[in-house]
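Asker: With the input below, show me the fold.
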Amino acid sequence: MEGLIDSLDKSKWQEVTPANKSDGYQEYHINPHAHKKLENNTFIYMIDNDNVDPKKVVLESASKDPIKAVSLLEIKLSADGTKIVGMDLDGDIVELK
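Answerer: This next block holds a predicted model:
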């Protein structure tokens, strides 16, 4: 089975153990009809949860869509809330370097 890292640029992303996972993750619902490829290595998603209205976020440095079949995911967003900088899918954790 492929992990999240297999769809990402390994020079920009790294796998992280649960013990070394950084703070700031929240669980989000991912709209299954709102996945869109913007550029060669960039995807856009519509996410929401109980605390956040639906919003668009960007995933950069991805060779293919790592979460195309995922509806619920722990995500860490950039300080401005527009980019995905970390993902945790049932303990399969990746973070931007």
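
Asker: Please name the bridge partners of Met46.
Answerer: Beta-bridge partners for Met46, by DSSP bridges, are Lys56.

Asker: Show me the shaky parts of this protein.
Answerer: Along the chain, segments meeting pLDDT under 70 span 1.

Asker: Skipping its backbone neighbours, what lies nearest Ile47 in space?
Answerer: Tyr28 (4.2 Å; Cβ to Cβ, 6 or more residues apart in numbering). No exception for glycine: its C-beta is placed from N, CA and C like everyone else's.

Asker: in what helix or strand does the one you found lie?
Answerer: strand 25-30 (DSSP states H and E).

Asker: How about Ala34, nearest residue that isn't a chain neighbour?
Answerer: Closest to Ala34 by Cβ to Cβ, 6+ apart is Met46, at 3.5 Å.

Asker: how many other residues sit next to the one you found?
Answerer: 17 (other Cβ atoms under 10 Å).

Asker: which residues sit against the next helix or strand after the strand holding Tyr28?
Answerer: Next along the chain after strand 25-30, taking DSSP H and E as the criterion, comes strand 36-39. For strand 36-39, the external contacting residues (Cβ atoms under 8 Å, 6 or more residues apart in numbering) are Phe43, Ile44, Tyr45, Val58, Asp65.

Asker: could you redo the last one with a cut-off of 7 Å?
Answerer: Residues outside strand 36-39 that contact it (Cβ atoms under 7 Å, 6 or more residues apart in numbering): Phe43, Ile44.

Asker: what do you get for stretch 88-97?
Answerer: 3-5, 8, 12-16, 18, 21-22, 25, 70, 73-74, 85-87.

Asker: Any idea which residue is closest to the centre of the protein?
Answerer: Met87 (4.5 Å; Cα atoms, centre = their mean).

Asker: in what helix or strand does Leu59 lie?
Answerer: Following DSSP H and E, the helix or strand that holds Leu59 is strand 52-60.
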